[in-house]
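**Student:** Need coordinates for the following:
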Amino acid sequence: MATKRGSKSGESGARRSRGNASLVVAVVGDGGVGKTCMLLAYMSGKFPTGHVQGAMDWHSEFDHLTRHPVHLKQDGVEVSMTLVDTVGMDEYQKLREKVCASADVFIVCFDVTNPGTLERVKDHWVPEIRSYNASAPFVLVATKVDERIKAQIEGKPSSATVSFSHAKSVAQDLNAHTYCESSARNLTGLKKVFEEAAVAGLQNALPGSMDGKRDSCVVS
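**Tutor:** Numbering: from 1, shown residues only. Alright, predicted model coming up:
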């Protein structure tokens with residue numbers, strides 16, 4: 001389980017001074033949707049091979065990455081993001097509560113090849129993150145979009161996957177900051193996901209200081 005590096009238990013809210021900001025970004029979603037692969041692929045620039053068992057700090061190959069915040073520049077601000085991976089099973093909710101309590105931004109993931117995981121976003125994950133922080137923004141992220149393309153090529157029914165238009169509509173209904181699509185396997189859309197998380201955190205910390213909500217991310 002990723003720890004909240006650089007933050008104290010119970011603290012909340014982005015920290016900013018002199019063109020710098022620190023954000024805690026927690027990633028949630030059902031088990032198996034690809035949260036850990038997305039994080040590791042983003043940080044390392046390669047898709048993790050072999051069996052990925054769970055939260056990213058369990059993977060010694062990536063320890064040199066996961067123990068430190070990631071840094072990016074967004075809208076002229078140097079942003080340090082502590083990425084918090086979580087286990088998706090319901091029985092781990094108490095543990096998630098501990099690691100998510102100080103999150104400034106959430107990334108809520110679902111698997112486009114499993115429509116039920118998007119239903120769970122509406123019925124479970126958004127209510128859960130709201131119980132941790134009622135005002136923290138979230139980015140809705142589709143994973144495994146490469147598999148949707150594969151399903152279309154194979155002639156599978158459209159109901160077997162979640163369409164872009166449907167997911168975007170759900171994001172709007174849930175008042176997400178934006179909707180992004182990604183593939184850890186193809187390394188597409190990952191940079192945009194975390195850029196949008198940074199934008200959401202900065203907008204929430206400094207209302208009116210940045211542009212309004214961005215258009216949904218279209219990634220192929």
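**Student:** Look at Ser80 and say how many residues are nearby.
**Tutor:** Per other C-beta atoms under 10 Å, the neighbour tally for Ser80 reads 18. C-beta: built from backbone N, CA, C; applies to glycine.
**Student:** which SS state does it fall under?
**Tutor:** strand (DSSP: H, G, I helix; E, B strand; the rest coil).
**Student:** wait, isn't it in contact with Lys73?
**Tutor:** No. With contacts counted by C-beta atoms under 8 Å, Ser80 stays clear of Lys73, the gap being 10.7 Å.
**Student:** pLDDT weak spots in this protein?
**Tutor:** 1-18, 50-66, 207-220 (pLDDT under 70).
**Student:** How far does the longest helix along it sit from its chain's centre?
**Tutor:** For the chain, the helix that runs over the most residues, judged by DSSP state H, is helix 190-205. Centroid displacement of helix 190-205 relative to its chain, using C-alpha atoms, centre = their mean, to the nearest Å, is 10 Å.
**Student:** Only alpha carbons, please: show it as PDB.
**Tutor:** Below are the C-alpha coordinates for helix 190-205, written out as PDB (Å, rounded to 0.1, in the frame of the first residue of the first chain):
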ATOM      1  CA  LEU A 190      -1.500   8.100 -18.700                       C
ATOM      2  CA  LYS A 191       0.300  11.500 -18.700                       C
ATOM      3  CA  LYS A 192      -3.100  13.200 -19.200                       C
ATOM      4  CA  VAL A 193      -4.700  11.400 -16.300                       C
ATOM      5  CA  PHE A 194      -2.200  12.800 -13.800                       C
ATOM      6  CA  GLU A 195      -2.000  16.200 -15.400                       C
ATOM      7  CA  GLU A 196      -5.800  16.400 -14.900                       C
ATOM      8  CA  ALA A 197      -5.500  15.300 -11.300                       C
ATOM      9  CA  ALA A 198      -3.000  18.100 -10.700                       C
ATOM     10  CA  VAL A 199      -5.300  20.600 -12.400                       C
ATOM     11  CA  ALA A 200      -8.200  19.500 -10.300                       C
ATOM     12  CA  GLY A 201      -6.200  19.800  -7.100                       C
ATOM     13  CA  LEU A 202      -5.000  23.200  -7.900                       C
ATOM     14  CA  GLN A 203      -8.400  24.500  -8.900                       C
ATOM     15  CA  ASN A 204      -9.900  23.100  -5.700                       C
ATOM     16  CA  ALA A 205      -7.200  24.800  -3.600                       C
END
